[in-house]
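[1] need coordinates for the following:
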Amino acid sequence: MYLNPDWPELIKKAVVEAEEILFRQLPGLQINVLKNHEKVLKAFQEERVSTYHLQGTTGYGLGDSGREVLDRVVARILGTEAALVRGQFVSGTHAIAAALFGVLRPGDHIISVSGTPYDTLEEVIGLRGKGQGSLMDFGVTYEGISLDSEGKLQFSLIGDRITDKTRLLMVQRSRGYAWRNSLMIAQIKELVEYVKTAFPQLIIFVDNCYGELVEGQEPGDIGVDLLAGSLIKNLGGSLAPTGGYVAGRSDLVKLAAQRLTAPGIGEHMGATLEWQRLFYQGLFLSPLTVSESIKGAVFSAAFWRALGFEVHPEPEMPRTDLIQAVKLGSREKMLAFCQGIQKGSPLDSHVTPIPSGMPGYDDEIIMAGGTFILGSTSEFSADGPLREPYIVYQQGGISHTYVQIGNILAALNLWQQGLLS
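    Numbering: from 1, shown residues only. All right, here's what the predicted structure looks like:
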């Protein structure tokens, strides 16, 4: 274990403690990554992926067998009937919006059973912004049910709120910008079993961002009807330059495809340009990059806890996503934290991040991370809204060593500004 003699003693002690906690967790983490690597490799082999499939197309993208095979590979990995994997999705939010607009119709009622969704989805639904073409603008009604005080789904409330107009239950697997438990696959499975027994007509939709390949099962394996996510997060393996996916029941995925392109075109068009090889290669590497991110998150949790900060989840807790939250308690500490992370980035390490407004967010956001793919949260980044109680959210990490270096530099930046004692 390397300890720079110039580091303050409290940072050295925190590094030692965090390394010891991570070392104890490694055997369990390694079992999971082996299972997921095997699953991904098997999907490639069963779909007979060849070098021919790595070639992109232009124009309409008609007859793109590489695109069609990639859809089937991802469907196998996620345990679903079908998948729509496209570079034309500009973000995870875009993929989620295509899924929701694809399956919902005026007069439908949806319930978010995991509380208020991620900030960027508030405008998609219509909770913020008016006249932008949100779901609510098109006559879809919405309500949210928070998790209980223990971070669990409230089945009795869910049952009470379902009406004959209810069409879809929405689950956000990850914590997003919230100080709450992320939902484990086992918890979502309980919901699926409850709904399929009592309300079989309902669609269960999962926002799967940050959750792919973290556990041994995916939402599709437990009967979730529809899910969506981003390719510059887990499944892109830090190589995918853009894109997202929708996966689930074939009929529902087709509806999302009609929304992404146009009715009658659906999944049959969409050029893959130069990114096809990167999609395949990133997908193959994704079990490795996800496992490195988890190791980095465990270190981060243990490190900042040793320095006296509240963290969520705790380093010993099981994980279902890549996000590690650290409660800093002040604007000054949050700025110093993110600026320290930026100093440890391979790109733009000389740049000082400052808060600013961003499309889809109500609060100012500060973001750190000199990533090779702009905004990629599979490489390593830290960000959060500038609001009480000033929580920073870390995600990703091409290597857990890189995550360790970034966290140490963040702590050093706080120390140098007199914000760590």
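
[2] can you pull out the helices in this structure?
    9-46, 65-78, 92-103, 119-125, 155-161, 185-198, 250-260, 276-306, 331-343, 400-416 (DSSP state H).

[3] out of those helices, which comes closest to Asp207?
    helix 92-103 (5.7 Å; Cβ to Cβ). Placement of C-beta: from N, CA and C, glycine included.

[4] run the angle between the closest one and helix 250-260 for me.
    110 degrees (axes from the mean of the first three to the mean of the last three Cα atoms, to 10 degrees).

[5] how many residues are close by Thr51?
    A total of 9 residues lie near Thr51 under the criterion other Cβ atoms under 10 Å.

[6] ditto for the one 10 residues further on
    Here the count is done by other Cβ under 10 Å, and Gly61 has 18 residues near it.

[7] same deal with the one 10 residues further on?
    Neighbouring residues of Asp71 were enumerated by other Cβ under 10 Å; the total is 21.

[8] just put the helices of the chain in JSON lines and tack on mean pLDDT.
    Output for these, formatted as JSON lines (pLDDT from 0 to 100):
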{"stretch": "helix 9-46", "mean pLDDT": "96"}
{"stretch": "helix 65-78", "mean pLDDT": "99"}
{"stretch": "helix 92-103", "mean pLDDT": "98"}
{"stretch": "helix 119-125", "mean pLDDT": "92"}
{"stretch": "helix 155-161", "mean pLDDT": "96"}
{"stretch": "helix 185-198", "mean pLDDT": "98"}
{"stretch": "helix 250-260", "mean pLDDT": "99"}
{"stretch": "helix 276-306", "mean pLDDT": "97"}
{"stretch": "helix 331-343", "mean pLDDT": "96"}
{"stretch": "helix 400-416", "mean pLDDT": "96"}
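
[9] wait, which of those is closest to Gly360?
    helix 119-125 (3.6 Å).

[10] other SSEs contacting that closest one?
    helix 92-103 (3 or more Cβ pairs under 8 Å, 6 or more residues apart in numbering; DSSP states H and E).

[11] the helix it packs on packs against which elements?
    helix 119-125, strand 166-172, strand 203-207, strand 226-230, strand 244-248, helix 250-260.

[12] quick one on the thing from earlier: and the helices of the chain as JSON lines, adding distance to Asp221?
    Below are the helices of the chain laid out as JSON lines (distance: least, Cβ to Cβ, whole Å):
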{"stretch": "helix 9-46", "distance to Asp221": "10"}
{"stretch": "helix 65-78", "distance to Asp221": "8"}
{"stretch": "helix 92-103", "distance to Asp221": "18"}
{"stretch": "helix 119-125", "distance to Asp221": "24"}
{"stretch": "helix 155-161", "distance to Asp221": "21"}
{"stretch": "helix 185-198", "distance to Asp221": "8"}
{"stretch": "helix 250-260", "distance to Asp221": "16"}
{"stretch": "helix 276-306", "distance to Asp221": "16"}
{"stretch": "helix 331-343", "distance to Asp221": "34"}
{"stretch": "helix 400-416", "distance to Asp221": "27"}
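
[13] in TSV, list the helices and strands packed on helix 92-103 along with mean neighbour count.
    Below are the helices and strands packed on helix 92-103 laid out as TSV (neighbours: other Cβ atoms under 10 Å):
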stretch	mean neighbour count
helix 119-125	21
strand 166-172	22
strand 203-207	26
strand 226-230	29
strand 244-248	30
helix 250-260	20
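
[14] domains in the protein, by residue range?
    The chain breaks down by automatic domain parsing into domains covering 9-38+286-416, 48-282.

[15] would you list those in CSV and tack on distance to Leu3?
    Converted to CSV, these look like this (distance: least, Cβ to Cβ, whole Å):
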stretch, distance to Leu3
domain 9-38+286-416, 5
domain 48-282, 28
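
[16] compare these and give me the one nearest Tyr2.
    domain 9-38+286-416 (8.7 Å).

[17] how far out from the middle of the chain is that closest one?
    Put simply, domain 9-38+286-416 sits 14 Å off its chain's centre (Cα atoms, centre = their mean, to the nearest Å).

[18] what's the span of it, first residue to last?
    13 Å (Cα to Cα, to the nearest Å).

[19] pretty sure Tyr402 is touching Phe299, no?
    No. Counting by Cβ atoms under 8 Å, Tyr402 stays clear of Phe299, with 10.8 Å between them.

[20] could you dump the helices and strands packed on helix 92-103 to JSON lines with distance to Ser65?
    As requested, the helices and strands packed on helix 92-103 are exported to JSON lines (distance: least, Cβ to Cβ, whole Å):
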{"stretch": "helix 119-125", "distance to Ser65": "33"}
{"stretch": "strand 166-172", "distance to Ser65": "33"}
{"stretch": "strand 203-207", "distance to Ser65": "29"}
{"stretch": "strand 226-230", "distance to Ser65": "24"}
{"stretch": "strand 244-248", "distance to Ser65": "18"}
{"stretch": "helix 250-260", "distance to Ser65": "17"}
